[in-house]
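1. Give me coordinates for this.
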Amino acid sequence: MVCWVAVAGLGCLCVGAAIASPTAPTGTWKGRIVQREPTYAKPSVTLTVTAHGLVSRFEGLTGAAHDSPTATSTCSVPYKLVGSQAGWFYYEQSGPSQMATPTSAVEGAPCGATGKRKPGWSGYLLRLHPPQAGKLAVQVTTWDQPPNTLAETISMLKQPLSLWRAYLAR
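-> Numbering: from 1, shown residues only. Prediction:
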């Protein structure tokens, strides 16, 4: 910020340059999950990103023994924005996962956690990076003990355990 002081104490004129803070890549993004371990189940994912959070929606095979081998299902998970750092936006599950039916989850999708911040409950953390070459990078992991700070969230998402990845396009 630059201030000029007028002669004879007549006042002060301040001119400041706005510092641009990064904004999440809002809109709807679609793609498929890249599995850590090779699997036949490759669920599709749709992220609907807003300025304060997002909803992930998964669709794919159920993989349940009681279902037909071609049976599909859907589920979704709400997230809230917890912060940004180094170009990444960090989110924490903000409510329970919603399944199309209580007995049919989506095989290979990060869906099904309650998101409760209580001992013994699990939830999901998600981070995304603004598009490069038209693709939005997304990573998801689980928590057993919920993070208390943005630094803990970042640390948990940098660990390679239980990560799901996707590269989404509009």
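2. and Gly123, what are its bridge partners?
-> Applying DSSP bridges to Gly123 gives these bridge partners: Trp143.
3. Look up how far Ala133 lies from it.
-> Gly123 is 31 Å from Ala133, where distance means CB to CB, to the nearest Å. Every C-beta, even on glycine, is put in place using the N, C-alpha and C of the backbone.
4. Which one's more surrounded, the two?
-> Taking neighbours as other CB atoms under 10 Å, Gly123 and Ala133 compare with Gly123 leading, 23 against 6.
5. Is it correct that the more buried one is in contact with Glu92?
-> Yes. Gly123 is in contact with Glu92 according to CB atoms under 8 Å; the separation is 7.0 Å.
6. Give me the common contacts of the two.
-> Contact criterion CB atoms under 8 Å, 6 or more residues apart in numbering; residues shared by Gly123 and Glu92: 115, 146.
7. which residues of this protein score low on pLDDT?
-> 1-21, 35-40, 161-162 (pLDDT under 70).
8. In three-state terms, how would the residue nearest in space to the middle of it be classified?
-> By CA atoms, centre = their mean, the chain has its centre lying nearest to Leu126, at 3.4 Å. Classification of Leu126 using DSSP: H, G, I helix; E, B strand; the rest coil returns strand.
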